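Trainee: let me see the structure of the following:
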Amino acid sequence: MSTSNEAATESAEREFTITRVFNAPRDLVWKAYTEAERLMQWWGPKGVTMRVAKMDLRPGGRFHYCYQMPDGNEMWGVFDYREVVAPERLVFTNAFSDAEGTIVRASFSAEWPLEILNTQIFAEHESKTTITMRAVPYKATAAEHKIFEGAFASLQQGIKGTLDQLEAYLARA
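Mentor: Purely as a prediction, here's the structure:
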């Protein structure tokens with residue numbers, strides 16, 4: 001585990017897992033993840049502006065968002081919620097999409113999984129919150145699993161950057 005109290009591992013099923021401890025109560029961390037106005041302040045790559053097109057936090061609901069890149073390009077995505085157990089657990093698939101919310105292939109790879117199944121657990125201990133994030137390709141081919149597994153180091157780096165932004169947000173919230 002690193003000094004930032006973060007660890008990434010691979011399970012036997014080749015799922016990507018990352019865990020991070022935040023010096024904030026679980027209710028605040030949950031709100032940061034589930035309220036659009038809060039989420040827009042920290043989610044995504046550094047230097048990118050996030051817009052929320054839709055936030056319907058319930059099983060069967062959808063989070064539809066857009067990243068506005070510094071060069072003006074846009075990247076759309078969706079979370080389709082399967083489980084919402086406040087403030088303990090979120091289960092959702094995520095995918096790239098178009099502006100209308102139709103799921104599309106990633107622009108960077110024709111073999112990137114179309115959807116990723118995510119489970120996020122929020123656990124509180126002594127006013128600190130541990131988030132455990134697990135992700136695995138959903139209804140994916142062997143080639144899609146392989147490319148996903150090959151991206152674990154890159155995923156760890158990208159998610160660490162996003163979680164660093166969450167940490168900074170929580171410090172000022």
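Trainee: only C-alpha atoms for contact and neighbour calcs from this point on.
Mentor: OK.
Trainee: by residue count, what's the longest helix in this protein?
Mentor: helix 152-172 (DSSP state H).
Trainee: who are the packing partners of it?
Mentor: For helix 152-172, the packing partners by 3 or more C-alpha pairs under 8 Å, 6 or more residues apart in numbering; DSSP states H and E come out as strand 16-22, helix 26-34.
Trainee: how about the following helix or strand past the last one: buried residues?
Mentor: It refers to helix 26-34. Going down the chain from helix 26-34, the next helix or strand is helix 36-39, by DSSP states H and E. If you call a residue buried by 16 or more other C-alpha atoms under 10 Å, then helix 36-39 has these buried ones: 36, 38, 39.
Trainee: what is the burial count for the spatially closest residue to the second one that is not a sequence neighbour?
Mentor: Going back to what we said before, that points to residue 38. Nearest non-adjacent residue to residue 38, counting by C-alpha to C-alpha, 6 or more residues apart in numbering: residue 32, 5.1 Å away. Close neighbours of residue 32, defined as other C-alpha atoms under 10 Å, add up to 21.
Trainee: what does residue 17 give?
Mentor: Counted with other C-alpha under 10 Å, residue 17 comes out at 21.
Trainee: that one and residue 132 touch, don't they?
Mentor: Yes: with contacts counted by C-alpha atoms under 8 Å, residue 17 reaches residue 132, the gap being 7.1 Å.
Trainee: average pLDDT for the lengthiest strand in the chain, rounded please.
Mentor: When the chain is parsed with DSSP state E, its longest strand is strand 74-85. Computed over strand 74-85, the mean pLDDT rounds to 97.
Trainee: quick check: phi and psi at the residue lying closest to residue 25 once chain neighbours are set aside.
Mentor: Excluding the flanking residues, the one nearest residue 25 by C-alpha to C-alpha, 6+ apart is residue 127, at 4.8 Å. The phi/psi pair for residue 127 (degrees, to the nearest 10) reads phi 70, psi 10.
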